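[1] this one's structure only:
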C-alpha cells in the first residue's frame, strides 16, 4: 500500500501544479522607491572599437570600465515620482598612448539628480557639476530610448511590450524601438525575479560641445540586446547584461578642414546589485 500512497500523492501534487503554471502567474513591474533606500551596484563594461577614414583603418582599441554606482532615494512625492541621487565612480583601463603594451588607468566621478516615475520613466535629470554639452545630450537620449518603461497592467511570462521613440535629426527623423519580453520567473541572488529579455535599436545623435574649439557631430546607430532580472516584490533591478553593436559616424571640423570617420564598436556590460539597505 505504501508505494500506491506515494504514487497517489505525487499524482495529486502534479494535478495541483498543472493548475498554476508560470504562464498563469501575473506580476506588476514597478519600481518601489522608499525614502532612505540605498542601492549599491557594480558595473563592468568592455568596449572594443575600430575607426575608419575612407575605408582605411586609422585606429583601434580596447577599454575596460569598472564602475561603482550608488543610488539614494531622497524623497517620494504624492505622485510616486522619486528624487534619486546617483553617484558614480569609475576606473578606465586602456592601452597607453606612447606604449600600447603598458596599460593606463584613469579614475572619474560624477553625481546626478534623477526624477523617476514608478514605471521607470526618467522625467528629469541634472548633473551636480556642469557636464559637457555632448555628454549630457548623449545621456539624455539614452534615457529616453534605452531605459525600460514598464506597462501599467499586470504581466505574465510570455508577454511583451514595445517602446518606440522618434528621434528628430536636422536632415531626417528616425525611429528607435526596443521590444521587451518576460521570458520566465526565476530566482536570482535570493530574489524572486522576472527574467526580461530585450532587443532593439537606439539612435543617438552626437551633439557638438559648445566649449570645444573643434566642432564634432555625428550619430551612433546601436543594435542592443540584453537580459534583466527584476525583483518584482522589492521593485529593483538585481542583474542586467547588455550588448551594444555600434555603427557610428563622426564629423570633425576646425576652420575649413572637415574629417569624417566611421566607428565600429562593440560594448558588453554587466550591472549587478551588491547591496540594498535603508537609512
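    The structure has been received and is ready for your questions. As the structure is a computational prediction, the values presented were derived from the model and not from experiment. Residues are numbered from 1 along each chain as shown.

[2] residue 210 reaches residue 133, doesn't it?
    Yes. Applying CB atoms under 8 Å, one finds residue 210 in contact with residue 133, separated by 5.1 Å. C-beta here means a position set from N, CA and C on the backbone, and glycine is covered the same way.

[3] so for those two, which sits in the more crowded spot?
    More crowded of residue 210 and residue 133, by other CB atoms under 10 Å: residue 133, with 14 against 9.

[4] kindly provide the distance from that one to residue 181.
    Using CB to CB, to the nearest Å, residue 133 is found at 36 Å from residue 181.

[5] try residue 246
    From residue 246 over to residue 181 (counting by CB to CB), the distance is 23 Å.

[6] go on, residue 162?
    Residue 162 sits 10 Å away from residue 181, taking CB to CB as the criterion.

[7] residue 51 too?
    Distance of residue 51 to residue 181, computed by CB to CB: 35 Å.

[8] one more: residue 270?
    Remark: distance between residue 270 and residue 181 (CB to CB) = 20 Å.

[9] flag the shaky bits of the stretch 1-150 of the chain, pLDDT-wise.
    Filtered on pLDDT under 70, the stretch 1-150 of the chain yields the residue ranges 1-23, 98-101.

[10] need the helices for it, in chain order.
    Applying DSSP state H, counting those that start in this stretch to the stretch 1-150 of the chain gives helices spanning 2-18, 133-146.

[11] okay, now the closest residue in space to residue 173 that isn't next to it in sequence: neighbour count?
    In space, and not counting its chain neighbours, residue 173 is closest to residue 166: 5.8 Å by CB to CB, 6 or more residues apart in numbering. Residues near residue 166, counting by other CB under 10 Å, number 10.

[12] double-check residue 124 against residue 116; I have them as touching.
    No. Counting by CB under 8 Å, residue 124 stays clear of residue 116, with 9.0 Å between them.

[13] so the two - more neighbours on which side?
    With neighbours defined as other CB under 10 Å, residue 124 and residue 116 compare such that residue 116 has more, 24 against 11.

[14] wait, the more buried one touches residue 122, no?
    Yes. Under the criterion of CB under 8 Å, residue 116 makes contact with residue 122 at 5.4 Å.
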